[in-house]
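> Sequence and predicted structure are below.
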Amino acid sequence: MRVTPAPRRWIVPLVTAAVLAGGTATACSSSGSSDKPRDPVAAPNAKQVNIPAYDPTKGARSDAVPGDCDRDDKGEWKFAGVVNNRSKNERTYSIVVDFVLDKGNTVVDTKVVKVPGVGAGHTADWTTIGASGNDDTLRCVIRNVQFS
């Protein structure tokens, strides 16, 4: 009995299917894995910041205008801006600011700036310093603004 080899056009699909099946079996392997969550690992020099809970009825993002984001003489980043109270009542503002590296969009520092007693129809300057020692590819971002 003579054995006829498979046509060449079948070899590539068969080899590809075998490789994919093997890769899938390896990727789905459960050896050494666990369904239990890992313990969180704290980043070195991590700082806890108490960020105010978001309340949509007190949102005031449009009241805060970002200004300069520059390094000071000590190598710390200084972020400044203005808050405009367009309401008819005095307001105190909480502005959550992130210092974000361009590479990887990594937040390296977060600050909460309190701007107390901004009169109705008035403006107030605000400034915060953070992200000490980080490189020149950093952005300052206003994450949230709320009034109280």
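Looks like it came in fine.
> in this structure, what spans have low per-residue confidence?
Per-residue confidence for the chain (pLDDT under 70) gives these ranges: 1-48, 134-136.
> And the closest residue to Arg91 other than its chain neighbours, how far from Pro66?
Using CB to CB, 6 or more residues apart in numbering and skipping the chain neighbours, the partner closest in space to Arg91 is Phe147 (4.1 Å). All C-beta atoms are positioned from the backbone trio N, CA, C, and that covers glycine. With distances taken as CB to CB, to the nearest Å, Phe147 is found 17 Å from Pro66.
> between the two, who's got more neighbours?
Phe147 (20 against 15; other CB atoms under 10 Å).
> Lys58 versus that one, what's the distance?
In this structure, Phe147 lies at 5 Å from Lys58, with CB to CB as the measure.
> On the three-state scheme, Thr57 is what?
helix (DSSP: H, G, I helix; E, B strand; the rest coil).
> How about the contacts made by the residue nearest to Cys69 when sequence neighbours are not counted?
Computed as CB to CB, 6+ apart, the closest residue to Cys69 that is not its neighbour in sequence is Cys140, at 3.5 Å. Neighbouring residues of Cys140 by CB atoms under 8 Å, 6 or more residues apart in numbering: 66, 69, 77, 79, 97-100.
> How about Leu138?
By CB under 8 Å, 6+ apart, Leu138 lies in contact with 69, 77, 99-102, 108, 131.
> List the buried residues of stretch 129-148.
Taking 16 or more other CB atoms under 10 Å as the neighbour-count basis, stretch 129-148 is seen to contain the buried residues 130-131, 134, 138, 140-142, 144-147.
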